[in-house]
Structure formats: structure tokens, C-alpha cells
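1. fold the following for me, if possible:
(4 chains)
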Number of protein chains: 2
Amino acid sequence: MSAPSLRARVRSEMSQEIKAVARRHLATDGANLSLRAVARDMDIVASALYRYFPSRDALLTALIIDAYDAVAAAATEADSAVPRDDLRGRWLAVCRAVRTWAIANPAEYGLIYGAPVPGYAAPPDTVKPAARVILLLIDIVIDGADRLRPVKASPISAPLRADLRRLIEQRPGDVMEERLDRVLVAWTHLFGVLNFEVFGRLDDMIEARTEYFDHHMSLMADLTGLPH
Amino acid sequence: MSAPSLRARVRSEMSQEIKAVARRHLATDGANLSLRAVARDMDIVASALYRYFPSRDALLTALIIDAYDAVAAAATEADSAVPRDDLRGRWLAVCRAVRTWAIANPAEYGLIYGAPVPGYAAPPDTVKPAARVILLLIDIVIDGADRLRPVKASPISAPLRADLRRLIEQRPGDVMEERLDRVLVAWTHLFGVLNFEVFGRLDDMIEARTEYFDHHMSLMADLTGLPH
DNA sequence: ACCTATTCGAGAACACTGTTCTCGCCGAAC
DNA sequence: GTTCGGCGAGAACAGTGTTCTCGAATAGGT
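-> Numbers count the residues shown, from 1 in each chain, chains lettered A, B, ... in the order given. Coordinates of the predicted model:
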């Protein structure tokens, strides 16, 4: 394994720079950013971009993967800054980290959690980074399995239970179906609130955004059985 | 008030036809549908569309308003098909109606509940139709205020409580702050699940979609205090 | 029945877009 | 030192939203 050649290094720096400029354009133009415009911003002709990304979709895909990694990184860092046995603290920290990132990068958030472009099929490279947040949430309940409060019984239908069992088998660490179910509920709610906030559905409605969010996430922690 | 002139009638029919064709294109091309393409589908030249809609954004806005009206209509119809005192039945009927519409019209759903186009500011015409679903949900708890089960206490911070009180004052029919809070939680969750399902985040994860949805909505009904 | 004013669709034009192809150029490897 | 691969420039093509002008049709008023 030799050190990366100079060529390879400047190539990677160039790709990084292109993505950075594209991210800036994302903030103003959304998903229909213009290749030619980012090329202009780099004093480069548009066709030159094709040396680094085979198409506009490929560039967007790269941005999507970066975005998934960025949320996951923010969430993971927030989680590790809290003592591992403070389950509720970790839970809230992760949720708040996701929110902070989403509010700071609304366009990138919209790119990954908004409506997908119909023609665009998410490449397989995106599914692993996309799952990291939910896996983090599951880890929290796995780590504290013995300290969790029992969830109020709520019948789960057989087919749904089968889905849950399949999910559990796919990964190391055991969880009860009911518990995983609640984690999925909380996970759904996390992004439900964030979609509403980031996409402007709370405008002229809720002013106390942070309190609103914390309150929702706290309710979800209760529902999941995280101890106080 | 005279009957609409012939001119006005064919004009409105033409607008309707344009929107219908545009809706078809929405399903395949999403929000970046092509004016020229819908014009071609109508054996019309693109500039002729400008007699009916001043811009592409205006056409999209019309589609957005129609979409809001369509969900609201589906929800309202489902609600009125259930006896008014069957609160839980009404609640589930409304949620399922929204889901059915969303799955049948994923592109239009994405248009109104996905990420907004950054440059595009939602015109005031859209805010009233947009609010109809949440108002319907609030109506359910207002209608059955005396039959609701008490919600488990969960402290609401002062600023958030102020928001809730303001919302309550804005409309006829009285609700407790705690109750409105739970309705907002349920409302958030409804669209949280739907976003995940329609936008494909449940792929390779949950097969029993209907059961999954019903289960979530049932939990939300519990949380809101709707009687069994 | 005529005249007029308004509305409509066609078509050309402009400034964009993503993408492809060809052509020089420069640096790296043999 | 020559060859080769990668890189950027530039032209080209098809397609886009939007504006403008120009005939034709048509409704309303007399």
C-alpha cells in the first residue's frame, strides 16, 4: 500500500471542492442545482466536471451519501459524549444532534429526507449510511436492556411481528419485538417532527421550536420505556 | 350573478385539462415536470399554456392546492362515514384515508409533504387548504371532549404552553392544552409514518405496511386518550 | 349585420440547462 | 525522451422556461 500519488491526491481534493461548491448551491437552488453554475463558481467549464462525476445524478448521490454520513457522525458524537448508562440522556442527545444538523443544513436534510426524485433510484451505496441513525437508537435500548421499563402492552399483529423478528435476526444484540417496535415509533416521530419543522409546516403555529421538539422526543422516550 | 359565459367555461375546462395532464407528468417526472412536455401532450405549443398559468410555479401551486384539497376531501369523507360518537373509529378512518390517498398519489403527496423547492415561497392560498387535516383531527377530540380519557401528565414548558393557548384561541371549540398537545403529536406521527412509507424508507424493512401503519396510529390514539 | 376589442394559439427568439465529443496540453511513467 | 493518460476548453445538440409578436377567431355593443 503506497502513499496516494500526487495525481490521485489533487483529484480527490478537486472532487471535494466540487462537492463543497455544490453544497452551497444546494442551499439556494435545492435539488435542481445547475452543474454549469457550480462550474462557473470554480472558473471551470461545465464539461470539465464530468472528469470527476459521470453525471449530475452522480454528484447528487455523492452529496446524499455525505449528508447521511454527516447526520450519523453528529449523532454518534453526541451519543458518545454522554455516559453510556444514561439512556435517556443519550437518547435526547442523539435526537438533538440530528435536529441541530438538520436546521443548520436544511437543504441537505431535504435532499435525504424529502421526497425522492421519481426518476432517481437510490444507489445501493446510500442504504448503509442511511441506516446509521436508527441503528444508533437501537443500540441505546440494547445497551440498557435491563434498565428499561416495561412497555405497556399493545397487541402487534402476526405479520408485523414477523417483520420485527426478521429485523432483529439481521443484527447482533437481542431486543424484544415490543421494544424494537417502540424504537421504530420513536425513530419515525423524530423525523416526523423534523420534517414539519424544517419544511416549514410549523410556521405561524409553534414559536417555541426547541421546547416543542424536546417535548416530543421526551414523550417518545417515555413510550420506548427509557428510565427517567 | 349571471351564468358563466361560454368563454369562461371552456377556459376553466382548459385549465382543468392542463392540470390533469400535468398531474400525469408529475407521477413520472416529479416536481421538475416540463411545461413543454405537457404542452406536447395536449397538441399545443408551450407558450399557449401561459394564457392559463402565468408561470410554471403557478401551475405547480395550482397542483399543490388541488392536492391539499384532495387529501382533505378524502379525510373528511372518511370521517363523516363513521358515527360521530365513535371517536377512535373516526380517528382511524381519517388516518387511513390520508394514507390511501398518499399511496395512490405518491407524487402529489411528495409535492405537498416533501421538501419545498427552496426558491419557491408557498403562496397564502396554500395555507388554508394545508391546515384542513389537522383541523379535522382537532374536531374529533373537541366533539368527544367528555368521553376522552385523561392524558398522562407530562410537563409542558411555559413557552410551548403559550403557543398551544394561542392556537386554541384562534379557533372556536375549546380544548385543553394537554389534549391539543397530544393531537399535535399524533398529527406529526401520521405524516412521519407516511413520509417514511411513501418515500421508500421502509423498503427492505417492513413488509406488513398496513399493519405497521394501523399499529402506529392506534398507539397515537392511545396517547391522545381516545377511548377504545 | 357590422365593427371593435379582447382572447387565443402559433411561432420565433433568448438565455439557459445536461451531456457528448473532439482537440490540444501538460505531467507522469517507462 | 518519448509515449501515454488524464485534464480542461470549446463547440455542438437537444431540451428547457419565458417573452414577444402576429394573425385569426370570437364575443359584445351598436
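
2. what sits up against stretch A:193-203?
-> Under the contact criterion CB atoms under 8 Å, 6 or more residues apart in numbering or on different chains, stretch A:193-203 has outside partners A:98-99, A:102-103, A:106, A:109-110, A:113-114, A:209, A:212-213, A:216-217, B:113-116, B:122, B:130, B:188, B:191-192, B:195. In short, each C-beta sits where N, CA and C put it, glycine included.

3. just the buried ones from these?
-> A:98-99, A:102, A:106, A:109-110, A:113-114, A:209, A:212-213, A:216-217, B:113-116, B:122, B:130, B:188, B:191-192, B:195 (16 or more other CB atoms under 10 Å in any protein chain shown).

4. mind checking which of those land in helices?
-> A:98-99, A:102, A:106, A:109-110, A:113, A:209, A:212-213, A:216-217, B:113, B:130, B:188, B:191-192, B:195 (DSSP state H).

5. the residue in chain A that chain B sits nearest to - nearest residue in space that isn't next to it in sequence?
-> Nearest residue of chain A to chain B, counting by CB to the nearest CB: A:Gly192, 2.2 Å away. Closest residue in space to A:Gly192, ignoring its immediate chain neighbours: B:Gly192 at 2.2 Å, by CB to CB, 6 or more residues apart in numbering or on different chains.

6. hang on, that neighbour packs against A:Val185?
-> No. Contact status for B:Gly192 versus A:Val185: not in contact, 9.2 Å apart, counting by CB atoms under 8 Å.

7. show me the contacts for the residue nearest to A:Asp85 when sequence neighbours are not counted.
-> Excluding the flanking residues, the one nearest A:Asp85 by CB to CB, 6+ apart is A:Gly144, at 6.9 Å. Applying CB under 8 Å, 6+ apart, we find A:Gly144 in contact with A:Asp85, A:Leu87, A:Leu226, A:Pro227.

8. same question, A:Phe213
-> If you count contacts by CB under 8 Å, 6+ apart, A:Phe213 has them with A:Cys95, A:Arg96, A:Arg99, A:Val193, A:Leu194, A:Glu197.

9. out of these, who's nearest B:Ile65?
-> Distances from B:Ile65 to these, taken as CB to CB, are shortest for A:Glu197 (22.9 Å).

10. let me know the angle separating the one helix or strand the closest one maps to from helix B:106-113.
-> Per DSSP states H and E: A:Glu197 is located in helix A:177-198. Going by axes from the mean of the first three to the mean of the last three CA atoms, to 10 degrees, helix A:177-198 is angled at 60 degrees with respect to helix B:106-113.

11. from the chain's centre, how far out does helix A:177-198 sit?
-> Its chain's C-alpha centre and that of helix A:177-198 lie 12 Å apart, by CA atoms, centre = their mean, to the nearest Å.

12. in that helix, which residues are buried?
-> Quick answer for helix A:177-198 (16+ other CB under 10 Å): A:177-198.

13. then that helix to PDB, C-alphas only?
-> In PDB, the C-alpha atoms belonging to helix A:177-198 read as follows (Å, rounded to 0.1, in the frame of the first residue of the first chain):
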ATOM      1  CA  GLU A 177     -40.100  -7.300  19.500                       C
ATOM      2  CA  GLU A 178     -42.200  -4.900  21.600                       C
ATOM      3  CA  ARG A 179     -39.100  -2.800  22.300                       C
ATOM      4  CA  LEU A 180     -37.900  -2.600  18.800                       C
ATOM      5  CA  ASP A 181     -41.400  -1.600  17.800                       C
ATOM      6  CA  ARG A 182     -41.300   1.300  20.200                       C
ATOM      7  CA  VAL A 183     -37.900   2.300  18.900                       C
ATOM      8  CA  LEU A 184     -39.300   2.400  15.400                       C
ATOM      9  CA  VAL A 185     -42.200   4.500  16.600                       C
ATOM     10  CA  ALA A 186     -39.700   7.000  18.200                       C
ATOM     11  CA  TRP A 187     -37.500   7.000  15.100                       C
ATOM     12  CA  THR A 188     -40.500   7.700  12.900                       C
ATOM     13  CA  HIS A 189     -41.500  10.500  15.200                       C
ATOM     14  CA  LEU A 190     -38.100  12.100  15.300                       C
ATOM     15  CA  PHE A 191     -38.100  12.600  11.600                       C
ATOM     16  CA  GLY A 192     -41.800  13.400  11.600                       C
ATOM     17  CA  VAL A 193     -41.200  16.400  13.800                       C
ATOM     18  CA  LEU A 194     -38.000  17.400  11.900                       C
ATOM     19  CA  ASN A 195     -39.800  17.300   8.500                       C
ATOM     20  CA  PHE A 196     -42.500  19.500   9.800                       C
ATOM     21  CA  GLU A 197     -40.000  22.000  11.300                       C
ATOM     22  CA  VAL A 198     -37.500  22.100   8.500                       C
END
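
14. tell me the domain ranges of chain A?
-> A:1-53, A:55-224 (automatic domain parsing).
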